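Student: Dropping the sequence and predicted coords here.
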Amino acid sequence: MRITAGQKRGATLHGLESVETRPTLDHVKEAVFSMVGNEIVDATVLDLYAGSGAIGLESLSRGAKFAVFVDDNSDAIKIIHKNIEKLSYCQNTLVLSVKDNESIDTLSRKKMVFNMIYMDPPFGKTNIKQTLEKLLKTSLIAENGFVIIEEEHAARIVLDLQGLVLEKDKRYGRISIRVLRRVL
């Protein structure tokens, strides 16, 4: 795993050795950031189900100003901290070791707002629609901000949520990437 572009391009990242964690492939990561383009510059990013933190760190390398990493796996949290330190991003990051719904409550109480929320939950173990509904009940998604969902293509569900509009939907082998834009 490595940073594919930006200030820290080429830097290698520590990964998790777990069957439950699957890193986002470099070509999928490139495609995701191609979809969002320059909107990542000066953005505040939430990397939900962060794993190694690769998406949030890639965002920072590409010009995001702040990233929050959320995971409830203690090994993942250790790896995220190692990767943050390795890339010298300690000043513009926050790491939360909690479940997704707890993190939404915590970040909402802190009145945080995100331009980009990246969701890459363990396949088949998270109710994506429920998490999106909870996000929409808060003010975590900035006006005109977006949510990116990485999911198993075969297990995709219909997402018909008021307040989010599907902008892009791409398939990469068994992975699907959906970009949803917040509309008020």
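Tutor: Perfect, thanks for sending it. Residues are numbered from 1 along each chain as shown.

Student: Show me how far the lowest-mean-pLDDT helix or strand in the chain is from its chain's centre.
Tutor: Lowest mean confidence among the helices and strands of the chain (mean pLDDT, DSSP states H and E): helix 26-36, at a mean of 84. In terms of CA atoms, centre = their mean, to the nearest Å, the gap separating the centre of helix 26-36 from the centre of its chain is 12 Å.

Student: How about stretch 172-184?
Tutor: The gap between the average C-alpha position of stretch 172-184 and the chain average comes to 12 Å, counting by CA atoms, centre = their mean.

Student: now swap in stretch 35-46 and tell me
Tutor: Remark: stretch 35-46 is offset 11 Å from the chain centroid, using CA atoms, centre = their mean.

Student: Just the terminal-to-terminal distance for it.
Tutor: 17 Å (CA to CA, to the nearest Å).

Student: Would you indicate which residues of it are buried?
Tutor: By 16 or more other CB atoms under 10 Å, the buried positions in stretch 35-46 come out as 35-36, 39-40, 43-46. Heads up, the C-betas are built off the backbone N, CA and C, glycines and all.

Student: Make TSV from these and add distance to residue 57 and secondary structure to it.
Tutor: Putting the buried residues of stretch 35-46 into TSV (distance: CB to CB, whole Å; DSSP: H, G, I helix; E, B strand; the rest coil) gives the following:
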residue	distance to residue 57	secondary structure
35	18	helix
36	15	helix
39	17	helix
40	12	helix
43	14	coil
44	14	strand
45	10	strand
46	13	strand
